[in-house]
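> mind folding the following:
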Amino acid sequence: MSRDTFEAEAGMKGITFPAWHGKHYVTLAELLVRLGSFGLDLTWRVEFDELVDPRCAEMERRSADAGMDTLTLLSLTTPFLQLIDAEARGSAEGRVTVVLTEVDSSLWEVRAVDERVLSELRRHYPGATDL
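Just a heads-up that it's a prediction; the model follows:
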């Protein structure tokens with residue numbers, strides 16, 4: 001876990017839920033869409049423990065500079081991209097406000113400063129539990 005994430009998590013609440021719902025895999029793209037207007041103006045930095053697709057290298061390259069906007073990240077994660085171990089940190093005004101962590105292609109951990117984000121995700125993913 002990066003230092004930025006550790007510092008950000010101090011003021012965040014989080015949930016976790018299975019990445020698989022039956023045969024449906026919840027992708028990073030799907031989570032970005034579920035963030036709705038909250039996620040639209042964020043700047044993203046993405047890190048991978050395992051590069052499973054050429055798009056991962058491109059995301060890391062763009063993260064190395066000033067980060068990327070939500071629509072750029074969304075364009076790099078569609079169509080279907082299954083991750084193994086990855087973390088996407090969304091920031092606004094220099095402060096991390098949401099962290100999406102994909103753990104071993106089996107579960108997602110989502111941390112956010114805004115409880116409404118977590119409430120929305122709980123509605124869509126009934127198996128979610130608090131971290």
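> on the C-terminal side of the worst-scoring helix or strand of the chain on mean pLDDT, identify the next helix or strand.
When each helix and strand of the chain is scored by mean pLDDT, DSSP states H and E, helix 3-9 comes last, with a mean of 49. Moving toward the C-terminus from helix 3-9, the next helix or strand (DSSP states H and E) is strand 13-18.
> show me which positions of stretch 34-52 end up buried.
Across stretch 34-52, burial judged by 16 or more other C-beta atoms under 10 Å covers 34-35, 38-39, 42-48. For every residue, glycine as well, the C-beta is placed using N, CA and C.
> distance to residue 103 and pLDDT for the residues you listed - can I get that in a markdown table?
As requested, the buried residues of stretch 34-52 are exported to a markdown table (distance: C-beta to C-beta, whole Å; pLDDT from 0 to 100):
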| residue | distance to residue 103 | pLDDT |
| --- | --- | --- |
| 34 | 18 | 94 |
| 35 | 19 | 94 |
| 38 | 22 | 92 |
| 39 | 20 | 92 |
| 42 | 21 | 97 |
| 43 | 23 | 96 |
| 44 | 18 | 96 |
| 45 | 18 | 95 |
| 46 | 15 | 93 |
| 47 | 13 | 92 |
| 48 | 12 | 89 |
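> now residue 81: phi and psi?
Main-chain torsions, residue 81, degrees, to the nearest 10: phi -130, psi 110.
> and it, what does it touch?
Contact analysis of residue 81 by C-beta atoms under 8 Å, 6 or more residues apart in numbering lists 27-29, 53, 55.
> name the member of the residues you listed with the most neighbours.
Taking other C-beta atoms under 10 Å as the neighbour criterion, residue 28 ranks highest of the contacts of residue 81 with 23 neighbours.
> quick one, what contacts the residue nearest to that residue when sequence neighbours are not counted?
Leaving aside its sequence neighbours, residue 28 sits nearest to residue 77 (C-beta to C-beta, 6 or more residues apart in numbering; 4.7 Å). By C-beta under 8 Å, 6+ apart, residue 77 lies in contact with 27-29, 32, 55, 59.
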